[in-house]
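Undergrad: build me a model:
(one chain, ligands or ions: 2)
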Amino acid sequence: MLNIALPKGRLGEKVYAMFAKAGFECPALMENSRKLIFDNEEAGVRYFWVKPSDVAIYVERGAADIGVAGKDILLEYRPDVYELLDLNVGKCRMAVAAPAGFQDDMNRTLRVATKFSRIARDYYTSVGRDIDIIHLNGSIEIAPILGLSDVIVDIVETGTTLRENNLSVIEEIVPISARLIANKSGFKFRTEQIERLTEGLRKEVQEA
Ligand SMILES: Nc1ncnc2c1ncn2[C@@H]1O[C@H](COP(=O)(O)OP(=O)(O)OP(=O)(O)O)[C@@H](O)[C@H]1O
Ligand SMILES: O=P(O)(O)OC[C@H]1O[C@H](OP(=O)(O)OP(=O)(O)O)[C@H](O)[C@@H]1O
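TA: Ligands and ions are numbered 1, 2, ... in the order given. Next comes the predicted model:
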């Protein structure tokens, strides 16, 4: 049985549709229920729904053989997994945003609010800027409005959240998309099945 961790929410259903097309169907998954684990013994797959930011933990520790995680999660937590394929969905970017008129005062430590502390720290280290990280878990856009931070580092997709909170992108850090990841030893035991799935998904990515 191939154990597959899927991200609950906006990414998960899109991604499952790709897996089903690649021949790894599990019709029960589309049931409207609160179940979190679904098996299809015939197809040899078991799917789990987990929080998007937890997928990499399930895969790294071998509770799942493969899974799908955003590149943001891989850059932030650096799990020891194989990154097999860019699925080219869940596309967005990691960026620095600030209120209109923001000017960086190099004599002061810059206060940066973010859910992605490591990505923010790596970025500012690369440009040689001293920062103070304010780690938040959501609604990051509020921080500069309330004076909690000077700027934010966050995901931008359509840009609506920034616009509606009078912020704009001042630096792009990295483009983000969903990646197929595999547990390192699981990959050795199930190479054939995982490669068949990867190739099926690769075709869909190329045809899309
Ligand atoms: N507008 C967006 N906001 C957040 N993530 C996005 C967006 N667009 C694409 N993504 C991608 O989708 C993934 C899952 O995002 P989603 O918002 O569903 O989870 P989340 O609520 O951030 O997760 P968690 O609750 O585990 O922190 C992200 O890791 C990112 O790679
Ligand atoms: O550019 P947009 O299309 O507006 O999308 C970006 C927004 O979506 C995400 O928030 P999410 O909905 O995950 O909520 P959060 O505040 O809990 O992080 C992200 O953190 C931004 O706030």
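Undergrad: by mean pLDDT, which helix or strand of the protein comes out lowest?
TA: Every helix and strand of the chain was ranked by mean pLDDT, DSSP states H and E. The lowest is strand 37-40, at a mean of 90.
Undergrad: hey, where'd the helices end up in the chain?
TA: 12-21, 55-60, 71-77, 117-126, 142-145, 160-164, 184-189, 191-207 (DSSP state H).
Undergrad: kindly reformat these as JSON lines containing distance to residue 108, mean neighbour count and mean pLDDT.
TA: Quick note: C-beta positions are derived from backbone N, CA and C, even for glycine. Converted to JSON lines, the helices of the chain look like this (distance: least, C-beta to C-beta, whole Å; neighbours: other C-beta atoms under 10 Å; pLDDT from 0 to 100):
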{"stretch": "helix 12-21", "distance to residue 108": "42", "mean neighbour count": "18", "mean pLDDT": "92"}
{"stretch": "helix 55-60", "distance to residue 108": "35", "mean neighbour count": "24", "mean pLDDT": "98"}
{"stretch": "helix 71-77", "distance to residue 108": "26", "mean neighbour count": "20", "mean pLDDT": "98"}
{"stretch": "helix 117-126", "distance to residue 108": "14", "mean neighbour count": "16", "mean pLDDT": "98"}
{"stretch": "helix 142-145", "distance to residue 108": "14", "mean neighbour count": "17", "mean pLDDT": "97"}
{"stretch": "helix 160-164", "distance to residue 108": "23", "mean neighbour count": "12", "mean pLDDT": "97"}
{"stretch": "helix 184-189", "distance to residue 108": "44", "mean neighbour count": "13", "mean pLDDT": "95"}
{"stretch": "helix 191-207", "distance to residue 108": "45", "mean neighbour count": "15", "mean pLDDT": "95"}
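Undergrad: so which of the ones you listed gets nearest ligand 1?
TA: Nearest to ligand 1, of all the helices of the chain, is helix 71-77, at 4.7 Å by C-beta to the nearest ligand atom.
Undergrad: what's that closest one packed up against?
TA: helix 55-60, helix 117-126, strand 167-176, strand 178-182 (3 or more C-beta pairs under 8 Å, 6 or more residues apart in numbering; DSSP states H and E).
Undergrad: list the contacts of the least confident helix or strand of the chain.
TA: Residues from elsewhere that reach strand 37-40, judged by C-beta atoms under 8 Å, 6 or more residues apart in numbering: 1, 25-29, 31, 45-49.
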